[in-house]
Every structure is written in structure tokens, then in C-alpha cells.
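Participant: A structural model of the following input is requested.
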Amino acid sequence: KVRKIVLRTLAVFAFALLIIWLCASLPVVQTKIAHYATDKINKDFGTNINIDEVAITVFGGVKLKTVLVLDHHNDTLIYADRIKTSILDFKNLVDGKLRFGDLRFDALTLNIVNYKKEKDTNLDLFVAAFDDGKPGSGKFLMTSGNVYIKNSHFTITDYNRAVPKDADFTKLNAHLKQFKIKGPNVTAQIAEMSFQDHRGLYVKNLTADFGYTKKNISLENLTLKTDESYLEGKVILSYSRENKDFSNFNNKVVFDVALDKATIATNDIRHFYAELGKNKTFFLKSKIKGTLNNFVATSLYLRDDKNSIIRGDVNFKNLFPRSPGEFYMKGDFDKISSNYNNLTKLLPNILGKKLPTSLQKLGQFQFTGEAEVTQKHIEADFVMNTALGLVESSLKMSNIDNIDNAQYKGYVILDNFDIGTLINDKTVGRAS
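Facilitator: The predicted structure follows:
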């Protein structure tokens, strides 16, 4: 009799567990549970996370449909049609420690916005909501061994800038490994990434070791490929959010770039800097440091598809619009091997309008020395071997905005130089 009572009790208990399990496996029940969990997170941390539907398997697999995260201005921070993953640690989920298996995002949208007169972006504030404030040990944690992103959209907008849009990537597809958000810091290995930039450039593939903190963004071991270009190197951006450097991006954010190996098409660069000529390719190695409007390229080696060569150290200022002054270049050149036509085709709106047309007669030249170029003058101290002969000079040219009537000051030493051809006078020959 006791045995029958025990068996019946176990049967009832097992049946009750089965009913509970069946109920818990229903999407409507799982969605209710998920809504409870997100409501608790929103209440505890002051966030605004919404999920339409949830399906959870007994093995920890999770499918989320229509996920929306609103920022502190009730605008979209994160949106996804579907997210698939597995939760490795349910216990810490509600406490802001999200340990996922593989994560798959379909039609993800991530809008990072710096609103007018605000120091932090909406993403910074969202992550900070989970942060306990302890340096280096923020409470918020999210990890995943693999993140797959399909047909997505990524934007960075700063309304403190004259031109707010920093980045707008569509057709974004990516595979990230060892993805981790710890407090305000983000790290990931970008195994694959392709996207369309809003300025027109399409990146076929980008790989890098990515890092983001409140002080810098880094892309170490970077490779980037387009239809016409390929490069290997690293890019590190350094900035101060306290000083609102991003609001004056071209003049405040410091770039530390190493181009270890690069084949660059001017058609790709023209999406960002229209002063370059079209349909040219050059091979480039250099280390670059500074802001976009004041940077130094050291150990520069550039060779174009016509075999023009530039080797040396060059400082560029005010290359980009809305800069605080006029264009400036100062270079210490170990070698420039080129000709008038190649140089003016590379930079038609800068050199093409500033170099005297008479330099065409020099043919292919070899230049060694220093040169300073602005919108109004060229100052150079150099030795140059040309098709007409050898020239050594310390020379300043002014009034170059009317180049064929420019004024010259300095000295010129000639060695067996064909002056007659230069000035188009057959009665004059070579001189030393």
C-alpha cells in the first residue's frame, strides 16, 4: 500500500513537471518570462530594452524576434529583426553579465549618437548603466566566442560637429571572434567584414584586432581590401571625450598609422579627398602620426604606376575642408623621381595649378632636398638632375596663384644646363 502511494505521488510529481516543462516551452510563456526579465533589467538599470518574441530550447538555445533598445532620447540605439544565440550562464543574466555562445544578428542596426552639448555617446551611457563605477572592473559584461552579423547598418553621428555624420555603413556583414564588452571597453577579433560606406567606398574585406576605450580606438594587424586597393598595417585613434575632441575631429583626434604594405587606388581615396587625380595607383609604405589637418608621414616611400618615386619625411597641414588655415606641405626628401605630367596628374588642383608649366621641359628629374609649398609660395633648397642638366638652388617663388607670372628670389647653380630649351631660345645653348 505504501509502495502504491509513493508511486502515485511520483507519477503526479512527474506529470506536474511535464506540464510545467510543456508550458515553459510554449513561445507565449517564454515571451512572458522574457518580458519579466527585461522589465526587471529596465527597472534596475534605467534602460529601455524591448523584445517582441522569445523562444528558448531545453539546451539553452535562444531566438529573439524584433529586439529594440532605445537610448536616453528614446531614439533607436540597437535594433535587430532576429537574434539567435545560446546562453551559457542564466544565473548572472539579470545581473548584467551576458555570457553567450555564438551570436547571430540578422538586419542589425546600431546607431551611436553624440547629442548636442553631451559629452558621452548614447552607447557609452547605455553601457554605463550597468557599470558599478570601479575603474577597470565595470559591472557590465558581455562575451561571445563568435558573432555573426548579416545585412546590417552601423552609424556614428556627432551633433556637436558642423558635419554630424562620422560613419554610415550599410550592407554590413561580419564575423567577429572573442567578442567582449567589459564595462565601457570593447574588444574583438574581426575575422571578416564587408560594408558600403556612405561616401561611396565599398570595402570587400577588413580584418583586424579591434579595441575601443574612452580614450582610443585601435585596429591592430589590419588588412583592408577593395576592388582596387589593398593595405596591411595598423590604425590607432586617440582622443579626449572630456575635451570633446570628436566635435572637432579633423583637428583634435590624433591618428597613429603604420602602412606596412599598401597598394592604393586614387579612385578609392577620392571618396574622402577629391584633390587627387583619377585612375592612378600607387604603392605606399609609411608611418603617419597627427591629426587629419596636421600630420607627419615619416619614412615615406611612394611609387606610382608610372614609376614616379617619392621618398622622405613630409608634413601636411589643412588638407581637409573647414580647416583653420590654408594648405601647407613641408618635406625633407631623400628622393623624388618624376616628371611634371605625373606630379600634376596626381595632385591636379594643388600642384597642377602651382608648378610652372615650363617645368615640363625638364623631363624626368631626380630631386633631393627640402621643399615648402603653400597656396601662395614655394620655397626649396635642392639638387636636381634633369633631362636639361644639373641644377642646384635655394629658391623662393611667390605669387604662385598666378603661376606663369610668379616672382623668383634666390640663387641657382647650373652644370651643363640647356637654358635655350628651357626658355625656348635657340640662340642660347648650355651653361655652367
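
Participant: counting neighbours, what do you get for the spatially closest residue to Q364 that is not a sequence neighbour?
Facilitator: The shortest distance from Q364 to any non-neighbouring residue, by Cβ to Cβ, 6 or more residues apart in numbering, is to N339 (5.0 Å). C-beta here means a position set from N, CA and C on the backbone, and glycine is covered the same way. When counting by other Cβ atoms under 10 Å, one arrives at 17 neighbours for N339.

Participant: tell me which helix or strand N341 sits in.
Facilitator: helix 340-346 (DSSP states H and E).

Participant: ok, K234 to E370 distance?
Facilitator: Going from K234 to E370 by Cβ to Cβ, to the nearest Å gives 29 Å.

Participant: for L219, same thing?
Facilitator: L219 is 33 Å from E370, by Cβ to Cβ.

Participant: more crowded one of the two?
Facilitator: L219 (20 against 15).

Participant: wait, is the more buried one part of a strand?
Facilitator: Yes. L219: assigned to a strand according to DSSP: H, G, I helix; E, B strand; the rest coil.

Participant: so who does N216 touch?
Facilitator: 236-239 (Cβ atoms under 8 Å, 6 or more residues apart in numbering).

Participant: so for those, which is the shakiest by pLDDT?
Facilitator: Within the set of the contacts of N216, pLDDT is lowest for Y239 (86).

Participant: how close does the nearest residue to that residue once chain neighbours are set aside get to S194?
Facilitator: If the residues on either side of it in the chain are set aside, Y239 comes closest to D245, at 4.0 Å by Cβ to Cβ, 6+ apart. Here the criterion is Cβ to Cβ. By it, D245 lies 29 Å from S194.

Participant: pLDDT weak spots in this protein?
Facilitator: Of all residues in the chain, those with pLDDT under 70 make up the ranges 1-37, 55-60, 87-97, 130-140, 321-325, 348-356, 403-404.

Participant: all helices of the stretch 101-250 of the chain, in order?
Facilitator: Ranges of helices in the stretch 101-250 of the chain, per DSSP state H, counting those that start in this stretch, are 122-128, 249-252.

Participant: most tightly surrounded among those?
Facilitator: helix 122-128 (a mean of 20; mean count of other Cβ atoms under 10 Å).

Participant: which secondary structure elements does it sit against?
Facilitator: The contact analysis (3 or more Cβ pairs under 8 Å, 6 or more residues apart in numbering; DSSP states H and E) places helix 122-128 against strand 76-86, strand 109-114.

Participant: the residue nearest to Y239 and I217 touch, don't they?
Facilitator: No. Contact criterion Cβ atoms under 8 Å: D245 and I217 do not qualify, at 11.8 Å.

Participant: who touches both of those two?
Facilitator: Counting by Cβ under 8 Å, 6+ apart, nothing touches both D245 and I217.

Participant: nearest residue to L292 other than its sequence neighbours?
Facilitator: Distances taken as Cβ to Cβ, 6+ apart place N250 nearest to L292, at 4.4 Å, with adjacent residues excluded.

Participant: what residues of stretch 161-176 count as buried?
Facilitator: Within stretch 161-176, the residues scored as buried using 16 or more other Cβ atoms under 10 Å are 161, 168-169, 172, 174, 176.

Participant: so can I have TSV of these showing distance to Y212?
Facilitator: Shown next, in TSV, are these (distance: Cβ to Cβ, whole Å):
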residue	distance to Y212
R161	19
D168	18
F169	15
L172	17
A174	15
L176	12
